[in-house]
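> Need a 3D model of the sequence below.
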Amino acid sequence: MSIKRHKLAINIIVLVLLMVVGFNDTGIFVKEFKYIDKDKVETIFQKEEKVEVIRETNDTYIVSKDNEAMEIPRDTMIRTTRKTGVLITNKETKLYSLPSENSIVRSVLEKGTVVTLRSENKGYGIYDVPSTGRVGYIKLEDISREVKENITYGLATVSKTISNDKASLLLLKGEIVNIVGFENDKYIVLNENKDEFKIPSEYVTLSKSLEEVTRSAERGVSDSISKVVEFAHTLIGKRYVYAASGPNSFDCSGLTYYIFKNQLDITLPRVSGTQATVGTKVERSQLIPGDLVFFNTVGSRISHVGLYIGNGNMIHASSTRGQVRIDTIESGWYFGRFVTARRIIK
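Down below sits the predicted model:
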């Protein structure tokens, strides 16, 4: 991949100044990229190469390398940090009465103390310290901008449920993924509770513009699906009881009825055969988490329903096993008895 750009309207003196004071953000490339300037000079960025980010536009990042500013497409890298406008001490720091180490020390500030700059004087700044009400001089080198972890927004290319030791992440094809890092050809992404997951790079594509992310956010349904799937997991192990619909025991349709009513205030019909008439029909190959899956387990009609949770699995109330459990629908007993699927959440 390569790109040719015209000379950027960025003053090199300003660029160097930014690099010296360390106010730039950081980013990391997720693929190899070839930059070609107006003189046809090539600069190669390697996958997982870290760079300084000067600023960003709707569809590009402006990065610095070898004291030059280069315009890079958004879908080739992620931004990993974003400095705020808040100034903090970057180590334990002395607050002086004058711009000199030989002056009176008014107080010693802990690392991370928030300060406000009034003016600069001979390598020092006059700072207010809001937490104590004091004013004094601090060396400019002891002050940095607060750095926060940045979220880059990508789009899921698959519908899958990803799990780690503590939590699960729901990926829905075409919906937003919150990315905070990239290593070993995997994205580091977050769920709604800020739990981290490492997922293969082919499961996500970076958006080419901010508008693309905005459009995807407008049609998102992942929050509702996550509520349903996560709540269903909390019911695993509950007893199977014929005609029961919770909260401590269930039959198959009682379970799905209880989940949708409890989490989304959606009232489904009470029996599996009638549940199979609501929502929108979904082909087996197009299943996503949150869909209802229906089976013929008695030989002549729909007699069982489960909640699809991704990766070929469903949560259901099993009469033969006597409890709510996870089973695959891609092999074994349920594979050959699949009848249809319905999408309730849209």
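> Next SSE downstream of the helix-or-strand element of the chain with minimal mean pLDDT?
In the chain, the helix or strand scored least confidently by mean pLDDT, DSSP states H and E is helix 12-21, which has a mean of 38. Sequence order places strand 25-29 as the next helix or strand after helix 12-21, per DSSP states H and E.
> which strands and helices sit next to the next helix or strand after that following strand?
For strand 25-29, the following helix or strand on the C-terminal side (DSSP H and E) is strand 33-36. Where contact means 3 or more C-beta pairs under 8 Å, 6 or more residues apart in numbering; DSSP states H and E, strand 33-36 is packed against strand 2-4, strand 42-45, strand 68-73. Yep, even glycine has a C-beta here, placed from its N, CA and C like the rest.
> now the second one, how far from the chain's geometric center?
Spelled out, it's strand 42-45. Counting by C-alpha atoms, centre = their mean, to the nearest Å, strand 42-45 is centred 29 Å from the centre of its parent chain.
> and it, which strands flank it?
Paired neighbours of strand 42-45 in the sheet (DSSP bridges): strand 33-36 (antiparallel).
> Show me what counts as buried in the partner strand.
F33, Y35 (16 or more other C-beta atoms under 10 Å).
> Reformat the helices and strands packed on strand 33-36 into CSV and put mean neighbour count next to each item.
Below are the helices and strands packed on strand 33-36 laid out as CSV (neighbours: other C-beta atoms under 10 Å):
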stretch, mean neighbour count
strand 2-4, 12
strand 42-45, 14
strand 68-73, 19
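> just for the stretch 151-300 of the chain, where's the confidence low?
Within the stretch 151-300 of the chain, the stretches with pLDDT under 70 are 210-220.
> now the helices for it?
For the stretch 151-300 of the chain, the helices defined by DSSP state H, counting those that start in this stretch cover 210-218, 222-234, 252-264, 272-275.
> Any idea which of the helices and strands packed on strand 33-36 gets closest to K34?
Within those, the stretch nearest K34 is strand 2-4; the backing value is 3.8 Å (C-beta to C-beta).
> thinking again about what came up before, with distance to H233 as extra columns, can I get the helices and strands packed on strand 33-36 in CSV?
Listed next are the helices and strands packed on strand 33-36 as CSV, based on distance: least, C-beta to C-beta, whole Å:
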stretch, distance to H233
strand 2-4, 45
strand 42-45, 41
strand 68-73, 39
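> Throw the ones you listed into JSON lines and include distance to R82 and mean pLDDT, thanks.
Shown next, in JSON lines, are those (distance: least, C-beta to C-beta, whole Å; pLDDT from 0 to 100):
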{"stretch": "strand 2-4", "distance to R82": "24", "mean pLDDT": "47"}
{"stretch": "strand 42-45", "distance to R82": "20", "mean pLDDT": "94"}
{"stretch": "strand 68-73", "distance to R82": "17", "mean pLDDT": "92"}
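> Ok, which of the ones you listed comes nearest Y61?
Among the helices and strands packed on strand 33-36, strand 68-73 comes nearest to Y61, with 4.8 Å by C-beta to C-beta.
> Report the distance from the closest one to the chain centre.
25 Å.
> Kindly report the same for stretch 141-148.
For stretch 141-148, the distance to the chain centre is 25 Å (C-alpha atoms, centre = their mean).
> ditto for stretch 182-202
7 Å.
> what's the answer for stretch 77-94, then?
Here stretch 77-94 is found 21 Å from its chain centre; the criterion is C-alpha atoms, centre = their mean.
> Next, the buried residues of it.
Neighbour counts over stretch 77-94 (16+ other C-beta under 10 Å) mark M77, I78, R79, T80, R82, K83, L87, I88, T89, N90, T93, K94 as buried.
> quick revisit: nearest to T152, of the helices and strands packed on strand 33-36?
Closest of the helices and strands packed on strand 33-36 to T152 is strand 68-73, at 13.0 Å (criterion: C-beta to C-beta).
> Also compute the angle for the closest one relative to strand 25-29, please.
Inter-element angle recorded for strand 68-73 and strand 25-29: 60 degrees (by axes from the mean of the first three to the mean of the last three C-alpha atoms, to 10 degrees).
> Now strand 68-73 - C-alpha only, CSV.
Output of strand 68-73 as CSV, limited to C-alpha atoms (Å, rounded to 0.1, in the frame of the first residue of the first chain):
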residue,chain,number,x,y,z
GLU,A,68,9.1,15.5,8.9
ALA,A,69,5.4,15.7,9.0
MET,A,70,3.5,13.1,6.9
GLU,A,71,-0.2,12.6,6.2
ILE,A,72,-1.3,9.0,6.8
PRO,A,73,-4.7,7.4,6.0
